[in-house]
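Engineer: here is a sequence together with a model predicted from it:
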Amino acid sequence: MIHTDYGYEVQSRDRLLCVYLYGEIDHHSAVALREDLDALLLRERPQRLVLDLSRIEFMDSAGLGLLMGRYRLMKELGGVMAIERPNERVMKILRLAGMERFFEIGGVKGVGR
Amino acid sequence: MKRRVLNERNRMSLCLPAVSVNEGVARAAIAAFCAQQNPGATELADIKCAVSEAVTNCIVHAYAGGTGAIYITVVLYTDGTVRVVIKDKGCGIADVRRAREPLYTTDAVGERSGMGFTVMENFMDRLSVHSRPGKGTVVVMTKRIGASDKKE
């Protein structure tokens, strides 16, 4: 696969918004994803945003920026964000950046270290 | 440290314009090149991530969205060491030591994590960065792959 292929599917119920991301998150795809996600969040104003990463095959530090940005926006909107089902490789970079301090990852509550 | 003599097994050179779609192109090309050494899935993912960071730096920082070329050379040695050199002729980095600090970013309003060099350092065995303001930057990363699949 040469092209950076990416996208997402959305499920919304009550004030829970689940976004199932797929493909590769790098600086190239993060720019477009950021715009889409922010438009979605401002429209839906969910209480809880769940980003399912089970179909993310690649993520670099641009993905960290994307997650942190959405975390900040959710906080501004008075909601919370959680990450679900990152694969081992995605988990490695999340851990390197200490992302578990900010939001729930895989059902594990963030502990302030 | 004991000096090892490394014999070259194969080599690849790429020159890509600094546009963001080439982040994925560079990753895919390097993954294809490394495949001959039967890397483990984690090793391959680590190299792809480190390369993605270095190429993104060229696009975002060195050329700051303008035009320019990214020169990539990958060498595979007979002991399984992969050496990746990523070079640009962009703006350069005034303070490399500071740029390499975790969470350091020049981007105040955007969404840069400031983790690019930290990822390269952690995901590869060795990283060196040479830069001259106004001239450009050379990033050299090495990682030995294929030998140990024990962590898979």
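Structural biologist: That came through fine. Numbering: from 1, shown residues only, chains lettered A, B, ... in the order given.

Engineer: for residue A:28, give me its contacts.
Structural biologist: By C-beta atoms under 8 Å, 6 or more residues apart in numbering or on different chains, the contact set of residue A:28 is A:4, B:20-21, B:23-24. No exception for glycine: its C-beta is placed from N, CA and C like everyone else's.

Engineer: ok, of those, which one's closest to residue A:21?
Structural biologist: residue A:4 (13.0 Å; C-beta to C-beta).

Engineer: for stretch A:66-77, buried residues please.
Structural biologist: Neighbour counts over stretch A:66-77 (16 or more other C-beta atoms under 10 Å in any protein chain shown) mark A:66-71, A:73-74 as buried.

Engineer: near chain B too, which of the residues you listed?
Structural biologist: Among these, the ones lying near chain B by C-beta under 8 Å from any C-beta of the partner chain are A:66, A:68-69.

Engineer: quick check: phi and psi at residue 53.
Structural biologist: You didn't pick a chain, so chain A it is. phi -110, psi 10 (degrees, to the nearest 10).

Engineer: hmm, no, I was thinking of chain B.
Structural biologist: phi -60, psi -50.

Engineer: thinking again about what came up before, pLDDT and secondary structure added to the ones next to chain B among the buried residues of stretch A:66-77, as JSON lines?
Structural biologist: Listed next are those as JSON lines, based on pLDDT from 0 to 100; DSSP: H, G, I helix; E, B strand; the rest coil:
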{"residue": "A:66", "pLDDT": "96", "secondary structure": "helix"}
{"residue": "A:68", "pLDDT": "95", "secondary structure": "helix"}
{"residue": "A:69", "pLDDT": "95", "secondary structure": "helix"}
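
Engineer: would JSON lines of those residues with distance to residue B:140 be doable?
Structural biologist: JSON lines is the format used below for these (distance: C-beta to C-beta, whole Å):
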{"residue": "A:66", "distance to residue B:140": "28"}
{"residue": "A:68", "distance to residue B:140": "29"}
{"residue": "A:69", "distance to residue B:140": "31"}
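
Engineer: pull the contacting residues for residue A:57.
Structural biologist: Residues in contact with residue A:57 (C-beta under 8 Å, 6+ apart) are A:23-24, A:87.

Engineer: so which helix or strand takes in it?
Structural biologist: strand A:48-59 (DSSP states H and E).
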